[in-house]
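Engineer: sharing a model prediction with you, sequence too.
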Amino acid sequence: MADASYMILDDAEVLVQSINHHLADIQLYDYNVKTNFVVDFEVTRDLFFLIAMQDDSSVIHEDDNKGIFEIPGNTCILFYLKAGKYKQSMTAGKHQMLSLSIKPEWFISKYDTIEELKEFIDSFKNNDLLNFRLPSVNITQQIFNSLKKLGSLSDHRDIEIDLHIFLNECISRYLLKLGQGMVTIKYQQNKAKEIAEFVKKNYASKIVGDEAELAEHFMISTTMLIRLAKLAFNRPLHQHVIELRMHHSLKLLLTTQKTIQEIAANVGYEDSKYFSRAFKKKFGIPPNEIRMCNI
C-alpha cells in the first residue's frame, strides 16, 4: 500500500516506503551502508516524530553538524524538531528505521492532558527549544510487528481507519512504557548525572550560570533542569555553582601567586569586585585578606 523508491548511492543503498496520512506521514527506511553515512534532511514545518530504530544506532544533528541526540539501536523515541535543516548519521551496516512524522494539531489535541507529555507539549507550544526528546524505550519489535500486521491486511479494509489504529497503537505503546516508573526514574537519574558531570567540568563557564542556555544544551526545559539539578546536587543549581567557584578560588589563593583579578576570571567572574563580595559572603573574609594571612 506504500509508495516505494530505491536509491543506489556511492556508500549506501536505500529503500524508502512511504504512506501519507492526514494525521502522520509514515516512512520505512531500509539502509545498507558500506561506510559511516550522513543523510541531509529538512523539516519544513514543526513536527512531532516517533522513530523506531532496529539494529544499530543513529544520531540526529543540527545543520552545523552538532549532535542533538542519539537514537539507540532497537529502541523507540518520541521527539519534536522545529522547522530547519538537519543531518542524520549512521554507522556501516544494515539498518531499518520506521519514522512517523506526526501533525502537531492532532497530537496536541489528543495528548495534551497526558501527564507524561505535559512538559514536552508545553515546550513545543511555547517555542522553548528547537528540539526536545523524551526517553528511548524498548518497544521496537512490537511496533514492527504492528507494521507487518498492517501490511498484511486485506484490500477490502478501510486503509484510513487501519492507519489511524496503527498510529494510535504505536503512541499508546510508547506512553505505556514511558509511564512505567522505572523508565522515567532511570531517565531522570541518567540526565541528572550528565548535568552533574558537565557542571563539575565547566563550573567556570558562562553556560552553567545561565539556566535557560544550560537547559537548551541538554535539550530539556528550564523547569526540568531545575528539577534535575536539585536531584543531582540536593540544592539549587546556582548554589552549587557558587560553592564550586568559591572553593576553587580559595585553593588558588592558597596555592598560587595569581592576582585576585586572575583568580576571579579563572572561576567564572568577569568583575573581580563582584567576586570579592561573593567570596566574603561565603567565607566571611575578603580574598585579599586570605592571602595576607597566608604570607
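Structural biologist: Now that the structure is in, tell me what you want to look at.

Engineer: contacts only, for I51.
Structural biologist: By C-beta atoms under 8 Å, 6 or more residues apart in numbering, the contact set of I51 is I71, C76, I77, F79, M97, L98, S99, L100. The way it works is simple: take the backbone N, C-alpha and C, and place the C-beta from them, glycine included.

Engineer: got TSV for the residues you listed, with distance to Y111 and secondary structure too?
Structural biologist: Shown next, in TSV, are these (distance: C-beta to C-beta, whole Å; DSSP: H, G, I helix; E, B strand; the rest coil):
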residue	distance to Y111	secondary structure
I71	21	strand
C76	16	strand
I77	16	strand
F79	14	strand
M97	23	strand
L98	19	strand
S99	19	strand
L100	14	strand
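
Engineer: buried only: go through the residues you listed for me.
Structural biologist: For the contacts of I51, a burial check counting by 16 or more other C-beta atoms under 10 Å picks out I71, C76, I77, F79, M97, L98, S99, L100.

Engineer: ok, the contacts of I51 vs H21, which is closest?
Structural biologist: L100 (9.3 Å; C-beta to C-beta).

Engineer: how near is that closest one to F120?
Structural biologist: According to C-beta to C-beta, to the nearest Å, L100 and F120 sit 15 Å apart.

Engineer: list just the nearest of the buried ones among the contacts of I51 to V14.
Structural biologist: Nearest to V14, judged by C-beta to C-beta, of the buried ones among the contacts of I51 is M97 at 10.5 Å.

Engineer: from V33, how far out is the closest one?
Structural biologist: Using C-beta to C-beta, we find M97 at a distance of 12 Å from V33.

Engineer: then I185?
Structural biologist: Relative to V33, I185 is positioned 35 Å away (C-beta to C-beta).

Engineer: more neighbours: those two, which one.
Structural biologist: Neighbours were counted for I185 and for V33 using other C-beta atoms under 10 Å; V33 has more, 19 against 11.

Engineer: surely the more buried one touches S89?
Structural biologist: No: counting by C-beta atoms under 8 Å, S89 is not a contact partner of V33; they are 10.0 Å apart.

Engineer: what are the buried residues along stretch 42-62?
Structural biologist: By 16+ other C-beta under 10 Å, the buried positions in stretch 42-62 come out as 43, 47-58, 60-61.

Engineer: where does pLDDT dip in the protein?
Structural biologist: Scanning the chain for pLDDT under 70 picks out the ranges 63-67, 153-157, 181-184, 291-295.

Engineer: please enumerate the strands of it.
Structural biologist: Taking DSSP state E as the test, the strands found in the chain are 3-8, 12-20, 24-33, 37-43, 47-55, 58-62, 67-71, 75-81, 84-90, 93-102, 131-133.

Engineer: got the buried residues for the third one?
Structural biologist: Right, strand 24-33. Using 16+ other C-beta under 10 Å as the test for burial, strand 24-33 gives A24, I26, Q27, L28, Y29, Y31, V33.

Engineer: got the contact list for the fifth one?
Structural biologist: The contact partners of Y29, taken as C-beta under 8 Å, 6+ apart, are V14, L15, V16, H95, Q96, M97, L98, S99.

Engineer: and with 6 Å instead?
Structural biologist: V16, M97 (C-beta atoms under 6 Å, 6 or more residues apart in numbering).

Engineer: from A192, how far off is it?
Structural biologist: 34 Å.

Engineer: and for the second one?
Structural biologist: Taken as C-beta to C-beta, the spacing of I26 relative to A192 amounts to 35 Å.

Engineer: cool, the third one as well?
Structural biologist: Using C-beta to C-beta, Q27 is found at 34 Å from A192.

Engineer: and for A215?
Structural biologist: 13 Å.

Engineer: who has more neighbours out of the two?
Structural biologist: Set A215 next to A192 and count neighbours by other C-beta under 10 Å: A215 wins out with 22 against 18.

Engineer: verify the stated contact: the more buried one with L225.
Structural biologist: Yes: applying C-beta atoms under 6 Å, one finds A215 in contact with L225, separated by 4.1 Å.

Engineer: how about the helices in the protein?
Structural biologist: Under the criterion DSSP state H, the chain contains helices at 104-111, 118-125, 140-151, 159-179, 181-202, 211-217, 222-233, 237-255, 260-266, 272-283, 287-294.
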